[in-house]
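Novice: Next comes the sequence, and after it the predicted model I'd like to discuss.
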Amino acid sequence: MVHFGFSIGFGVTYSIAGQLLPWIKIGHGVPFGIAVWDAFHVELMPALGTVPAVKDQSLEEHVSEILGHAVWMWIIDEIIRGINSED
């Protein structure tokens with residue numbers, strides 16, 4: 001439930017913010033997705049003790065999460081573009 005809520009919440013935030021601040025949609029959402037990864041997986045979650053410190057996480061974990069967040073937001077961007085093109 002946490003991941004679904006997180007995904008929906010940030011997808012809606014990205015969609016609305018992209019209408020108000022178009023620069024957010026640069027790179028089809030990939031930089032936005034990486035920024036979300038950084039904010040949560042590098043900063044917030046280690047600070048809260050939810051995940052190990054960044055230095056204690058494997059390179060594979062970082063690569064997986066970065067790519068996962070980049071693709072996740074790119075797909076959301078494509079869905080938004082598809083919906084908007086039907087207008």
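Specialist: Alright, I've got the coordinates.
Novice: what's the model's confidence in stretch 32-39, averaged?
Specialist: Taken as a whole, stretch 32-39 carries a mean pLDDT of 96.
Novice: That one: which residues count as buried?
Specialist: Buried residues in stretch 32-39, counted by 16 or more other Cβ atoms under 10 Å: 32-34, 36-37. Where C-beta positions appear, they are placed from N, C-alpha and C, glycine not excepted.
Novice: neighbours of Glu78, just the number please.
Specialist: 12 (other Cβ atoms under 10 Å).
Novice: Just the pLDDT at it, thanks.
Specialist: Glu78 is given a pLDDT of 95.
Novice: In the chain, where is pLDDT below threshold?
Specialist: 87 (pLDDT under 70).
Novice: what packs against the helix ranked longest in it?
Specialist: Counting by DSSP state H, the longest helix found in the chain is helix 59-85. Contact partners of helix 59-85 among helices and strands, from 3 or more Cβ pairs under 8 Å, 6 or more residues apart in numbering; DSSP states H and E: helix 2-20, helix 30-37.
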